[in-house]
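In: predicted model follows, preceded by the sequence.
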Amino acid sequence: MSDHSSSCDIAIIGGGVIGVATALELARRGRSVTLLERDRVGYGCSFGNCGWLTPSLARPLASPGQARKALPWLLDPESPFYIKPRLSPSLASWLLGFVLAGRSPERFRRGVAALVELSNWTVDAWEDLALRSPIHFGYARHGLLAVFESQKSLDAGVKLARLSEPMGVPFEVFTPEQVRQHEPIVTGPQVGAIHYPRDAHCEPEKAVFALADEARRAGVTILEGAEVLSADLDADSVRTLRTTRGLLRPRQVVLAVGAWSGSLGRAFRLRIPMLGAKGYAILMPHGPIRPRGSILLAERKIGINPHDHVLRLAGTLELVGEDLSVNLRRVQAIAKGAAGMLEMADPSEHVQVWRGLRPCTPDGMPMIGRAGGYQNLWVSTGHQMTGLKTGPGSGLLLAQLMCGEKPTFDPAPFRAERYARRI
Ligand SMILES: Cc1cc2nc3c(=O)[nH]c(=O)nc-3n(C[C@H](O)[C@H](O)[C@H](O)COP(=O)(O)OP(=O)(O)OC[C@H]3O[C@@H](n4cnc5c(N)ncnc54)[C@H](O)[C@@H]3O)c2cc1C
């Protein structure tokens, strides 16, 4: 693209795992695709997340009882779930939607079923990519061990695990002794664990680079440093995108900008209730004992992912919108929380800190489909804690919808129009 306008078949806005996966699936169907990323591909929330490919944890954010459990945490700046107190009508309306969505166990069950299906397909897709990609992204299916410190939480975890089990997510319950044998790094007090043997993990940023490499080979044009600033609209369609790299006249547009969907959505006259939920990851050297697979410290909500050369610790969920500032107190709370349970290196030795914004809708389900009131505007966003584990499946679903194919997954639970409607 130059300083004069150019046309293309499909423009995808946003180069995170969701935009890249969608671009790849569209290119595989012979479509000419230009992906516009304002920064560099894969450097948004998809960069430093925990790297878990865990259908066992593919669940809507809003779940029955979640709001009640989270309330005592809300004002504690070191808790795993935090909202900075502020007067904001959009935050209040988001929270109301979240509380209401979490009240229906049936709705939650449907959400779990839809996300597990998408996630199972996605993990297989990552495994295929790992076999053929020249970019090594540390894919391994070594399972996930969710460790519990209280019997009540373990019982609740087993109840949740039973929900996903019939969808191909097997699990076994470990006694404290089995936990110590399976993962000797776990030395803190615990009452047992749930082991999910089929879960996988990878290095997230390299996984997205591998996907982007595959997309380029399939013919996708990736433009970095191309920020979409505004759009010219007709009655029912997007006509032109105005970007920092010129004008683009695509026949179809996909909005895949994660936590920025609310602000950029306004350029398309959409009022998407998207909230960024900030989380942190710490990369630190391995200690004397290496975990064999992923570990979740269930009550502390800390995820541990063992890479070849470093240990990744990730956690906290702070509803902040688009604020990317780093709160060191919360970073230290993750390190301290992990050190209380694991035999690991001195957490003050950490080498890297990363933060990202999980894109969260009030009902905690992704939005994948056509935007209401538009012929040619599509949306794929709101993947909250599941973007990596459902990204390629989400790309497949949207590409199938856009190309008029029978979708592999039921699109109803992901209907974008429930929030994305032209005003
Ligand atoms: C601490 C943490 C741990 C996590 N762990 C996991 C995990 O283990 N497994 C898992 O599945 N998920 C995990 N997640 C969630 C996962 O990271 C997200 O769901 C996923 O990255 C969202 O992808 P995305 O493509 O929608 O957004 P992003 O990766 O944020 O991509 C959006 C892109 O849009 C670009 N953009 C924005 N505005 C514009 C514009 N105007 N023009 C052009 N480009 C624009 C941005 O620069 C960005 O690159 C975690 C998240 C966090 C924070």
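Out: Everything's here; your move. Residues are numbered from 1 along each chain as shown.
In: where exactly do the helices run in the stretch 101-250 of the chain?
Out: Shown for the stretch 101-250 of the chain, the helices assigned by DSSP state H, counting those that start in this stretch span residues 105-132, 151-164, 176-182, 204-217.
In: what comes into contact with the helix or strand of the chain with the lowest mean pLDDT?
Out: Least confident helix or strand, the chain: helix 66-70 with a mean of 71, by mean pLDDT, DSSP states H and E. Residues outside helix 66-70 that contact it (Cβ atoms under 8 Å, 6 or more residues apart in numbering) are 81, 98-99, 102. Quick note: C-beta positions are derived from backbone N, CA and C, even for glycine.
In: follow-up on the earlier one: would you format the helices of the stretch 101-250 of the chain as CSV with distance to the ligand, mean pLDDT and mean neighbour count included?
Out: Below are the helices of the stretch 101-250 of the chain laid out as CSV (distance: least, Cβ to the nearest ligand atom, whole Å; pLDDT from 0 to 100; neighbours: other Cβ atoms under 10 Å):
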stretch, distance to the ligand, mean pLDDT, mean neighbour count
helix 105-132, 8, 97, 19
helix 151-164, 15, 97, 16
helix 176-182, 20, 98, 15
helix 204-217, 7, 98, 23
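In: just how off-centre is stretch 254-271 within its chain?
Out: Its chain's average C-alpha position is 17 Å from that of stretch 254-271, according to Cα atoms, centre = their mean, to the nearest Å.
In: and the end-to-end length of that stretch?
Out: Taking Cα to Cα, to the nearest Å, stretch 254-271 runs 16 Å from one end to the other.
In: stretch 140-152 now?
Out: Per Cα to Cα, the first residue of stretch 140-152 is 31 Å away from its last.
In: hang on, the earlier thing: out of the helices of the stretch 101-250 of the chain, nearest to Y196?
Out: Of all the helices of the stretch 101-250 of the chain, it is helix 151-164 that lies closest to Y196, at 7.5 Å by Cβ to Cβ.
In: what is the orientation angle of that closest one with helix 105-132?
Out: Angle, helix 151-164 to helix 105-132, by axes from the mean of the first three to the mean of the last three Cα atoms, to 10 degrees: 70 degrees.
In: and helix 151-164, what does it pack against?
Out: When contacts are defined as 3 or more Cβ pairs under 8 Å, 6 or more residues apart in numbering; DSSP states H and E, helix 151-164 sits against helix 105-132, strand 144-148, strand 192-196.
In: can we see that at 6 Å?
Out: Contact here means 3 or more Cβ pairs under 6 Å, 6 or more residues apart in numbering; DSSP states H and E; on that basis helix 151-164 packs against strand 192-196.
In: mean confidence for the strand it packs on?
Out: For strand 192-196, mean pLDDT rounds to 98.
In: what sits up against that strand?
Out: Applying Cβ atoms under 6 Å, 6 or more residues apart in numbering, the contact partners of strand 192-196 are 56, 143-147, 154, 157, 161, 171-176, 179.
In: go on, stretch 248-267?
Out: Contacts for stretch 248-267 (Cβ under 6 Å, 6+ apart): 5, 7-14, 16, 18-19, 22, 44-45, 230-231, 238, 240-241, 272, 274, 276, 357, 359, 376-381.
In: which residues of the protein score low on pLDDT?
Out: Across the chain, the ranges flagged by pLDDT under 70 are 1-5, 7, 71-75, 77, 349-350.
In: restrict the contacts of stretch 248-267 to the buried ones and give me that as a ChimeraX selection.
Out: Filtering those down to the buried ones (16 or more other Cβ atoms under 10 Å) takes a single ChimeraX command:
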select :8,10,11,12,13,14,16,18,19,22,44,45,231,238,240,241,272,274,276,357,359,376,377,378,379,380,381
